[in-house]
Every structure is written in structure tokens, then in C-alpha cells.
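*Asks:* Turn this into a model:
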Amino acid sequence: LRWLERQLDEAAAEGEHVILVAHQLLVPPTDRMGQRCAWFVPQYDLVDNAEDVLSLMDRHSHVRLVLHAHVHANSLTMRRGVPFVTSASASEYPMTWREVIVRRCGELELRSHQLAVSKETLDASAQRDTRGFNEAKRDCSSAEPRILLHPPASAVASTKACAGAAAPARPGAGQAVAEL
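*Replies:* The predicted model follows:
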């Protein structure tokens, strides 16, 4: 935790945005209605010191995104303006993978892609339900083809590379958007 704090302090001093990547989750994943996903099991799925890490993050407003994948399911959970994104395994149902595009002034774009497999392979993967929750994972999925995440204006202004930059372009029709 001390190492992470030093890294976050250094990034803040340099005016950098930060993306944290962890295997296990820091927050319970939620569905599109904000309800906790049925397949989530706190004692297995959360990092043991999640509260300590979250407390540290609360003191570092330049953390823009947290990525994790332990649960092999897609979800997008917002906590204090920070998106916590879980991603499915490409080798397991629903056989998707995510692309993260980081733009200059803190705008993030998440793209979900279906692995190019036959319907038979996808169906076989669905039958091989490793946690017993494939149906629940489908219902709790946040695998929109494209999600744009915009930083607050104050974050853009406080980042050295973006001083004086115009606000990021707004998405067009058919694109999901979240303000950080």
C-alpha cells in the first residue's frame, strides 16, 4: 500500500492521469440499474484490503479508471466518479475482450469485442459454466460496444498536458457516455 501511495503521489506531482489494474475487485460489481451482481461473492472476489486501497484512492483525484477481471464477467460500476470495470475472459463465456483507449486529456473509451468464434463454440462455452452464474453474468453485463468516459472539467484543467485544452468532443448517436 505504501508503494501504491508513492506512485500515486508521484503521478499527482507530474499532473498525470492514473489507471489502476488489479486482478481481484475493489468494489462490488453492479448491473445497469445499480444493483449488486448476483454472481459476486465478497469473500472470494474482493481484494483483502479493498477498504484501505479505496481510502487511498479517495485522496488521489487523478485516478481515472480501475480495471479488474477476477470474476470473468463484464461490469461497469461507478464509485465517487471513478469507473471500476471488470472484464470477462476471452476463453470463457461470453468470450469477449475489452479495448481501452486513453486520450490526451483524460477521456477514456472502452470498446467491447466479441471473440470471433462459431455459434457452436460460444454455446459450448455457455454450457461450461465455471461459476454457476453464466445466465446472471449475461444479465449483469456491461459489454456495450462503446463507452466514452469523460473526466470532469477540473481534472482536465489541472493536468499539465491539457492546460488550456478545449473540452473533449461529445459522442454521437448510439454511443454510451458517462461523466467521471
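
*Asks:* Check which residues of stretch 53-72 are buried.
*Replies:* 53-54, 56-57, 60-72 (16 or more other Cβ atoms under 10 Å). No exception for glycine: its C-beta is placed from N, CA and C like everyone else's.

*Asks:* Now the terminal residues of that stretch, how far apart.
*Replies:* 22 Å (Cα to Cα, to the nearest Å).

*Asks:* distance between that stretch and the chain's centre?
*Replies:* Taking Cα atoms, centre = their mean, to the nearest Å, one finds the center of stretch 53-72 at 9 Å from the center of the full chain.

*Asks:* In terms of helices and strands, where is the residue in the chain sticking out farthest from the centre?
*Replies:* Computed with Cα atoms, centre = their mean, the residue of the chain farthest from its C-alpha average is Glu120, at 29.2 Å. Using DSSP states H and E, Glu120 falls within helix 119-127.

*Asks:* Pull out the buried residues from that helix.
*Replies:* So for helix 119-127, counting by 16+ other Cβ under 10 Å, buried means 125-126.

*Asks:* quick one: it to chain centroid distance?
*Replies:* The answer for helix 119-127 is 26 Å, by Cα atoms, centre = their mean.

*Asks:* Tabulate the CA atom coordinates of that helix in PDB.
*Replies:* Only the C-alpha atoms of helix 119-127 are listed here, as PDB (Å, rounded to 0.1, in the frame of the first residue of the first chain):
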ATOM      1  CA  LYS A 119     -22.000 -20.100 -32.600                       C
ATOM      2  CA  GLU A 120     -21.300 -23.700 -31.600                       C
ATOM      3  CA  THR A 121     -18.100 -22.700 -29.700                       C
ATOM      4  CA  LEU A 122     -20.000 -19.800 -27.900                       C
ATOM      5  CA  ASP A 123     -22.800 -22.200 -27.000                       C
ATOM      6  CA  ALA A 124     -20.400 -24.800 -25.700                       C
ATOM      7  CA  SER A 125     -18.700 -22.100 -23.600                       C
ATOM      8  CA  ALA A 126     -22.000 -21.100 -22.100                       C
ATOM      9  CA  GLN A 127     -22.700 -24.800 -21.200                       C
END
